[in-house]
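Colleague: Curious how this folds, go ahead:
(chains A and B)
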Amino acid sequence: MNRVIPLQPTSDGCDSADRAILKERGQREVFCGLTGIIWLHRKIQDAFFLVVGSRTCAHLVQSAAGVMIFAEPRFATAIIDDHDLAGLADANEELDRVVDQLLTRRPDIKMLFLVGSCPSEVIKLDLSRAAERLSKTYTPRVRILNYSGSGIETTFTQGEDACLAALAKEIPQHAKLHSTEREVDLLIVGCLADIVEDQFSRIFNELGIESYAFFPPRRSGDIPRLGPNTRYLLVQPFLTDTARVLDDMGAKRIPAPFPLGVEGTEAWFAAAAKVFGIDPNRVETVIAPKRQRANLALERQRQVLNGRSIFFFPDSQLEIPLARFLHRELGMQLTEIGMPYIHRQHLAEELALLPTEVSLSEGQDVEKQLDRCRSYRPDMVVCGLGLANPLEAEGMTTKWSIELVFTPIQGFDQAADLAELFARPLVRRTKLAA
Amino acid sequence: MKLTLWTYEGPPHIGAMRIATAMEGVHYVLHAPQGDTYADLLFTMIERMNKRPPVTYTTFQARDLGGDTAELFKDAARSAYARFKPDLLMVGASCTAELIQDDPGGLAAALQLSVPVLPLELPAYQKKENWGAAETFYQMVRLLGKDYVLPPGEIRKPRPAGLPPSCNILGPTALGFRHRDDLVEIRKLLRQIGVRVNVVAPLGAKPEDISRLHEADFNVVLYPEVANSAAQWLSKNFGQPSTKTIPIGFNATRAFIEEVCTLAQIHCDIEELTKRSRARWYALSVDSTYLTNKRVFIFGDATHAIAAAKVASQEMGFQVVGLGTYSRELAREVREAATQYGVEALITDDYLEVEQRITELQPELILGSQMERHIAKRLKIPCAVISAPIHVQDFPARYSPQMGFEGANVLFDTWVHPLMMGLEEHLIGMFREDFEFHDGAVPSHLGHGHQRTSANEASVAAEPTPIAEIAVANGAPVTESVWEPEAQKELNKIPFFVRGKAKRNTERFAIERGLPTISLETLYDAKAHFGR
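Modeller: Below is the predicted model of the structure:
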């Protein structure tokens, strides 16, 4: 326990490319990318998200937001009506009017995202042109960007990816750099809770990596700058498009498992440290006490979770890193891990850590998957909100996955919290049975 | 295009889902992209149902759009039929599928399934949830009842002597505001009156029950938003009359009993039936004196809003200062009701307009939906929920109807509890100078260690003062009145829960009279002017 040992695949591990993955097409029981707005607007504190969509979109975002938890939310819907469907020119004028109305009402907004939806995609309302057009009017007061969170193109957390990809295109590059501005060496990409950001900052500082920035920034004006040698680390496994934009800008991804659990977090920091040539001894000095504390905290949850079986329905795209954590650090048995889609490259380090006997499935036919879940009869099922109560009614114990997106779960000090999210339903069931 | 922060109603296919989910033996195949499956959680999380709604979504994606989405629909319908074996298959499109024009009805017909198929055309860009529910229910009643329609010229046969009168109960759905509990209460009432219930629909009904609707003597319409169009069709084709009174509140329940007795052609002892009602006596009791003329603002679906206004005004002794609805289909009825209270009805589905009106009126109680609860929280006004849209907490585990005599009891409790309790309000007035009753004192149950937070104080001090707005609203010249220190000091002696109103009233009084400063005298002049 005193050296950073590079992670080895499990003894029976094999290259992820060899893995058989069950690919399914059918009914998906997953949120669409619009729902990403719910946490994105908390993260980027002066941004507003305007869905250009139907009444269904408005209803969805509202229902997903727990029906009005915010006094005046920083998201809204421009509801398309039959009048707009009559002619596209009208729809553009209408959109301009709605944006004007919105920005008049909310002068505090510095960045506006026009968010595409299924209907706006189908009628081919060009929001990127609308964003350009509106930018001419509102720059520099408000920056106007666009992305699609539509259910025909994105699933749940992919909305964050689409948003961050749009925002990444705004990152100033070294060519345009002000001579006094400093480029960052390391960009940490993906939404993290502020508390986790702060913890990670301290660790990076202790490691001696001082030129870093988090993306997205808390304020839209604080977009970091990229240099010719900037590296980036993903904190989420669903940032495919964002990574592509950064790659195109010349930034290089640091391959690493995701910072979930003690092992994942350690490997994630170690990967960055290695790239920046930090002395392994220093890494060990910094990490060891954190690792020790986190493992201590995990012990109690391990007693609850060890040996229990778990089944994942596809939902947040965090399924593989979570399964890896629950299996390797808490002794859970994996049955099936469903993912909305599998990005083999970004997940390569994660897949290498999974046992080969676990079934992986990509996409979803919810009825067939429910049949498989029932036949496994796992001790715990991880699923979205639509399935949780019906499965509980069938006598299964569920962890509804929404908390995994909204709760700080990354990093050493959150490892036990993350484990507790899984232990709690089991503990509760025992208490209620007693 | 319309800017919407929050919306009162979902799209029309949600209304169709509420019908399908309420029933048994029905399955709904919905042509829709993946995001639309969110609707399941309305039922499984908000209503806390223990099964998934009987809906199969086709979940088409962008890459399918160039290909054959129609085939995708047929596959989904075929496999849903094979798996769920429903007695009736509903088919339709959500907003996005409507744009790609695949015609689910025609496609399903081509499958030649051996069950009735109900094709739904619910224009998502024009209509909303309640309309969708009403249209779905109406189309289903028509589809399953058409074989029993009386031939032209034939009138309904009178009920054979000796047979008890019977009725259908129409309107309760899944995700309805207290529909489940109202139904229990109304069934009990009908049993006491001596009227048999033939069919309850859609809640709990099977398709075969829908085809038996014609057997009843009349219909009890509990939720007109959902059941009106079906009831009209039943009346036209089977000669079944239906009830018009919504049995919400003590008086309305009595009127409802009378109406039912007339339609059933029987007599019953209303006095005997009303004996167990507590709401009326509670309202008459001395402790309720403080409720007199409390200014109440009401907004919700038309049925609940109209009923609430009547109860508030006649049974609670409140003053209705605002009444409105988001149900445009029933706007006329709400306008008519509003004239009885001398107010102009607010007909809108814009949450911001409702907020604006409430801010102007500064009522003492808001009766509304989840939206108004939210507005009330912001404006620090007591509030009770009387209508959808609702939250998980509006599906309580306990029995909590809105209709019938027990419903009236529930209304009394839920509307009065958010207000300061009568005795408490009197005592605070009487012991205003007492150390335990000063503004900063916290409720005794919070203990001595608990300090009133400075944030609270700040929020009391920073009450919004829309002087200019008031002046504009009254057409008076825009001026500003400044509080003299002595008057300000006196103002601070007024208990905090009425201070905001006193401040606003005084400022309005001063502006209307063009007074540049507010003195102690102005404060008391205003008090005399507005006092009641």
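
Colleague: Quick check, pLDDT for B:Pro495.
Modeller: B:Pro495 carries a pLDDT value of 70.

Colleague: can you count the residues close to the residue in the stretch 201-350 of chain A positioned nearest to chain B?
Modeller: With CB to the nearest CB as the measure, A:Pro340 is the residue of the stretch 201-350 of chain A nearest to chain B, at 9.1 Å. The way it works is simple: take the backbone N, C-alpha and C, and place the C-beta from them, glycine included. By other CB atoms under 10 Å in any protein chain shown, 23 other residues sit near A:Pro340.

Colleague: isn't it right up against A:Thr155?
Modeller: Yes: at 4.3 Å, A:Pro340 and A:Thr155 qualify as touching, with contact defined as CB atoms under 8 Å.

Colleague: so what sits against both of those two?
Modeller: Contact criterion CB atoms under 8 Å, 6 or more residues apart in numbering or on different chains; residues shared by A:Pro340 and A:Thr155: A:28, A:30, A:317.

Colleague: doesn't A:Thr154 make contact with the second one?
Modeller: No: proximity of A:Val30 to A:Thr154 does not meet the contact threshold set by CB under 8 Å, at 9.9 Å.

Colleague: quick one: secondary structure of A:Ile209?
Modeller: Per DSSP: H, G, I helix; E, B strand; the rest coil, the local secondary structure of A:Ile209 is coil.

Colleague: Using PDB, write out every CA atom in the helix or strand where B:Glu271 lies.
Modeller: In the assignment (DSSP states H and E), B:Glu271 maps to helix B:270-274. Extracted in PDB, the C-alpha atoms of helix B:270-274 (Å, rounded to 0.1, in the frame of the first residue of the first chain):
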ATOM      1  CA  ILE B 270     -81.200  14.800   3.300                       C
ATOM      2  CA  GLU B 271     -81.200  15.900   6.900                       C
ATOM      3  CA  GLU B 272     -80.400  12.400   8.000                       C
ATOM      4  CA  LEU B 273     -77.600  12.200   5.500                       C
ATOM      5  CA  THR B 274     -76.000  15.500   6.500                       C
END
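
Colleague: name the helices or strands packed onto that helix?
Modeller: With contacts taken as 3 or more CB pairs under 8 Å, 6 or more residues apart in numbering or on different chains; DSSP states H and E, helix B:270-274 sits against helix B:179-193, helix B:250-264.

Colleague: Mind checking the pLDDT average for that helix?
Modeller: Averaging pLDDT along helix B:270-274 yields 89.

Colleague: residues of the helix or strand that that helix is followed by that come out buried?
Modeller: The helix or strand immediately downstream of helix B:270-274 is helix B:279-284, counting by DSSP H and E. Within helix B:279-284, the residues that qualify as buried by neighbour count (16 or more other CB atoms under 10 Å in any protein chain shown) are B:279-280, B:282-283.

Colleague: could you dump those residues to a markdown table with pLDDT and distance to A:Leu330?
Modeller: Formatted as a markdown table, those follow (pLDDT from 0 to 100; distance: CB to CB, whole Å):
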| residue | pLDDT | distance to A:Leu330 |
| --- | --- | --- |
| B:Ala279 | 93 | 55 |
| B:Arg280 | 93 | 60 |
| B:Tyr282 | 94 | 56 |
| B:Ala283 | 94 | 59 |
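
Colleague: now for these, which pair is the farthest apart?
Modeller: Within the buried residues of helix B:279-284, B:Arg280 and B:Tyr282 form the most distant pair, 7.3 Å apart (CB to CB).

Colleague: about what we covered before: closest one of the buried residues of helix B:279-284 to chain A?
Modeller: Proximity of the buried residues of helix B:279-284 to chain A (CB to the nearest CB) peaks at B:Ala279, which lies at 29.1 Å.

Colleague: shaky segments in chain B?
Modeller: B:420-479, B:496-497, B:531-532 (pLDDT under 70).

Colleague: Just the closest residue of it to chain A, please.
Modeller: B:Gly35 (2.7 Å).

Colleague: right, and A:Pro321 touches A:Glu349 too?
Modeller: No: taking CB under 8 Å as the definition, A:Pro321 is not a contact partner of A:Glu349, at 9.6 Å.

Colleague: Mutual contacts of those two, please.
Modeller: Common contacts of A:Pro321 and A:Glu349 (CB under 8 Å, 6+ apart): A:Pro257.

Colleague: When those two are compared, which one has more neighbours?
Modeller: Neighbours of A:Pro321 and A:Glu349, each counted by other CB under 10 Å, are more numerous for A:Pro321; the result is 24 against 21.

Colleague: Surely the more buried one forms part of a helix?
Modeller: Yes: under three-state DSSP, A:Pro321 sits within a helix.

Colleague: ok, back up a step: the residue of the stretch 201-350 of chain A closest to chain B: what's it in contact with?
Modeller: Applying CB under 8 Å, 6+ apart to A:Pro340 gives the contacts A:28, A:30, A:155-156, A:158, A:314-315, A:317, A:362-364.

Colleague: try B:Thr243
Modeller: Here B:Thr243 is in contact with B:218-221, B:256, B:259-260, B:263 (CB under 8 Å, 6+ apart).

Colleague: tell me which of the residues you listed is nearest to B:Gly239?
Modeller: Checking those against B:Gly239 with CB to CB, the nearest one is B:Phe218 at 9.6 Å.

Colleague: Find the closest residue to chain B in the stretch 101-250 of chain A.
Modeller: Closest residue of the stretch 101-250 of chain A to chain B, CB to the nearest CB: A:Gly151 (2.8 Å).

Colleague: neighbours of the closest residue to that residue other than its chain neighbours, just the number please.
Modeller: In this structure, A:Gly151 finds its nearest non-sequential neighbour in B:Gly35, 2.8 Å apart by CB to CB, 6 or more residues apart in numbering or on different chains. B:Gly35: 34 surrounding residues under other CB under 10 Å.

Colleague: B:Gly35 contacts A:Ser150, doesn't it?
Modeller: Yes: using CB under 8 Å, B:Gly35 is in contact with A:Ser150, at 7.3 Å.

Colleague: Common neighbours of those two, please.
Modeller: When contacts are counted by CB under 8 Å, 6+ apart, the set common to B:Gly35 and A:Ser150 consists of A:32-34, A:118.

Colleague: From B:Thr243, how far out is B:Tyr223?
Modeller: Going from B:Tyr223 to B:Thr243 by CB to CB, to the nearest Å gives 12 Å.
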